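Chemist: Quick one, fold the following:
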Amino acid sequence: MKPDQLEHLLLENMGTALLLLDKKQRLQYLNPAAEMLLEKSARRVQGRRIDLVCPKQPDMLSFLQSAKKRQQPLIKHKIPLTLPSGHNFTATFSSTPVEINNSASLLIEITRVDSELNPEHDQKHRQQYSATRALIRGLAHEIKNPLGGLRGAAQLLESELNNPEQKEYTSIIMAEADRLHALIDRMLRPSQSPQKQAINIHEIIEHVRKLIQAEAGQGISVCRDYDPSIPNLRLDRGQIVQVLLNIMGNAVEALAGAGEIILRTRVLRQHIINGERYPLSACLEIIDSGPGIPENLQPQVFFPMISGKANGTGLGLSIAQSLISQHDGVINLHSRPGETRFEILFPITQTP
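Modeler: Numbers count the residues shown, from 1 in each chain. Here you go, the predicted structure:
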């Protein structure tokens with residue numbers, strides 16, 4: 001391999017975001033990690049001034065102006081960034097003056113400071129997982145008996161119906177009762193691993209979307225923005241259906257009959273999940289335009305028995321986080337008035 005090919009290969013596969021700015025602060029290069037971090041396509045922004053590409057990043061632009069004036073290595077921690085998708089995070093910026101083709105340039109390195117890298121964050125997720133598992137096992141016994149009665153009633157009702165369209169509803173009730181019964185059985189078994197198989201995540205999302213569509217009503221629009229490049233993922237279908245039902249159901253309740261839900265999927269490169277960096281990850285976002293979750297509740301929403309709703313049990317999100325943890329994934333929450341976004345992250349691994 002030639003030296004220039006090796007350099008290109010290293011830059012393209014680095015987990016750190018790299019930008020190259022010329023003396024007029026025009027973008028000359030972004031590596032793929034920078035494209036993912038800033039949600040910008042290198043082809044679209046190459047040659048444009050950084051202040052036009054990222055106009056709403058005053059702290060970042062202030063740092064770049066300082067770096068340009070000093071023309072010496074500079075580093076600054078905890079620079080806040082807000083991306084077009086609404087993601088908020090902090091990053092460490094470092095600049096190094098370089099000369100390329102006899103022209104002064106700046107090499108900018110951006111390192112995202114993920115909450116997942118915080119040991120306290122990891123400890124919180126472990127506490128959430130342990131507390132939820134203990135509670136689930138206690139409640140599962142109480143759920144199985146009425147669930148069997150529900151299925152039996154639906155089966156009797158179906159035998160009395162002659163209309164095929166009406167029978168379709170009873171079939172859904174029985175199928176969902178069977179799915180929940182199987183899910184509870186797996187939860188009650190000690191150290192039972194998820195029954196993973198290669199599954200198209202969009203097929204699961206569409207299945208749940210159809211289930212909640214009737215509950216949502218005509219006043220709630222559901223917009224889909226899927227990334228078709230996501231490969232099949234090794235998932236337990238029943239568990240992921242339950243996760244999505246819990247989160248989408250909360251979104252419908254939050255909107256109270258009017259608003260928008262966005263279902264978005266993306267592939268992420270070199271992303272960190274639970275303290276481990278993965279070359280490729282799948283990100284599923286469920287976004288609603290509701291009033292948001294109170295700020296004082298946000299750090300606790302994944303703990304059992306914590307709910308911001310008067311009639312809430314505080315179990316849905318804790319169960320969802322527990323199930324996703326069994327897939328080596330994590331659920332993150334970002335909420336403000338007018339937008340609540342649940343971000344579900346899965347590592348993308350080789351499927352057999």
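
Chemist: start to end distance for stretch 326-334?
Modeler: 22 Å (C-alpha to C-alpha, to the nearest Å).

Chemist: mind listing what's buried in it?
Modeler: 326-327, 329-334 (16 or more other C-beta atoms under 10 Å). All C-beta spots, glycine's among them, are computed from the backbone N, C-alpha and C.

Chemist: residues in contact with it?
Modeler: 86-88, 115-116, 125, 193-194, 196, 235-236, 239-240, 243, 247, 273-274, 293, 298, 301-302, 317, 320-321, 324, 340-347 (C-beta atoms under 8 Å, 6 or more residues apart in numbering).

Chemist: let's go with 6 Å and repeat that
Modeler: 194, 273-274, 298, 321, 324, 341-347 (C-beta atoms under 6 Å, 6 or more residues apart in numbering).

Chemist: can you check stretch 288-296 too?
Modeler: Residues from elsewhere that reach stretch 288-296 (C-beta under 6 Å, 6+ apart): 251, 254-255, 259-261, 308, 335-337, 340.

Chemist: Pick out the most distant pair among those residues.
Modeler: Among the contacts of stretch 288-296, the pair separated by the greatest distance (C-beta to C-beta) is 260 and 308, at 20.1 Å.

Chemist: that older thread, would you list the contacts of stretch 288-296 in a markdown table and tack on secondary structure?
Modeler: What follows is the contacts of stretch 288-296, written out as a markdown table (DSSP: H, G, I helix; E, B strand; the rest coil):
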| residue | secondary structure |
| --- | --- |
| 251 | helix |
| 254 | helix |
| 255 | helix |
| 259 | strand |
| 260 | strand |
| 261 | strand |
| 308 | coil |
| 335 | strand |
| 336 | strand |
| 337 | coil |
| 340 | strand |
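
Chemist: Now the buried members of those.
Modeler: Among those, those buried by neighbour count (16+ other C-beta under 10 Å) are 251, 254-255, 259, 261, 308, 335, 340.

Chemist: In three-state terms, label the closest residue to residue 301 other than its chain neighbours for me.
Modeler: Leaving out its chain neighbours, the residue that sits closest to residue 301 by C-beta to C-beta, 6 or more residues apart in numbering is residue 317, at 5.3 Å. Here residue 317 is recorded as helix under three-state DSSP.

Chemist: just to revisit the earlier point, any idea which of the contacts of stretch 288-296 is closest to residue 20?
Modeler: Nearest to residue 20 among the contacts of stretch 288-296, counting by C-beta to C-beta, is residue 336 at 33.7 Å.

Chemist: who's in contact with the closest one?
Modeler: So residue 336 contacts residue 292 (C-beta under 6 Å, 6+ apart).

Chemist: Helix or strand: which one has residue 77?
Modeler: Counting by DSSP states H and E, the element that carries residue 77 is strand 74-82.

Chemist: Quick check: next helix or strand after that strand?
Modeler: Next along the chain after strand 74-82, taking DSSP H and E as the criterion, comes strand 88-100.

Chemist: which neighbours does the following helix or strand past that following strand have in its sheet, and in what orientation?
Modeler: Helices and strands here follow DSSP H and E; after strand 88-100, the next one along the chain is strand 103-113. The sheet places strand 103-113 alongside strand 17-21 (antiparallel), strand 88-100 (antiparallel), with pairing taken from DSSP bridges.

Chemist: what residues does strand 103-113 touch?
Modeler: With contact meaning C-beta under 6 Å, 6+ apart, strand 103-113 is reached by 16-23, 67, 89-96, 98.

Chemist: Return the set of buried residues in it.
Modeler: Buried residues in strand 103-113, counted by 16+ other C-beta under 10 Å: 105-112.

Chemist: quick one on the thing from earlier: closest to residue 203 among the buried ones among the contacts of stretch 288-296?
Modeler: Closest to residue 203 out of these is residue 261 (18.4 Å), distances taken as C-beta to C-beta.

Chemist: which residues does the closest one contact?
Modeler: Per C-beta under 6 Å, 6+ apart, neighbours of residue 261: 222, 251, 288.

Chemist: Quick check: beta-bridge partners of the last one?
Modeler: Applying DSSP bridges to residue 288 gives these bridge partners: residue 261, residue 340.

Chemist: again, but for residue 27
Modeler: Beta-bridge partners, per DSSP bridges, of residue 27: residue 21.

Chemist: Then residue 198?
Modeler: Judged by DSSP bridges, the bridge partners of residue 198 are residue 234.

Chemist: Please verify my assumption that it contacts residue 231.
Modeler: No. The criterion here is C-beta atoms under 6 Å, and residue 198 misses it with residue 231 at 8.5 Å.

Chemist: Neighbour count for those two, which is higher?
Modeler: The residue with more neighbours, out of residue 198 and residue 231, is residue 231; 14 against 11, by other C-beta atoms under 10 Å.

Chemist: Skip the chain neighbours and tell me the closest residue to the more buried one.
Modeler: Closest to residue 231 by C-beta to C-beta, 6+ apart is residue 348, at 6.4 Å.

Chemist: what about the one you found, how many residues close to it?
Modeler: Residue 348 has 18 neighbouring residues, counting by other C-beta under 10 Å.

Chemist: One more: residue 302?
Modeler: For residue 302, the neighbour count with other C-beta under 10 Å is 27.

Chemist: So it: helix, strand or coil?
Modeler: Under three-state DSSP, residue 302 comes out as coil.

Chemist: Dihedrals phi and psi, it?
Modeler: phi -90, psi 0 (degrees, to the nearest 10).

Chemist: Am I right that it is in contact with residue 319?
Modeler: No. Contact criterion C-beta under 6 Å: residue 302 and residue 319 do not qualify, at 9.6 Å.
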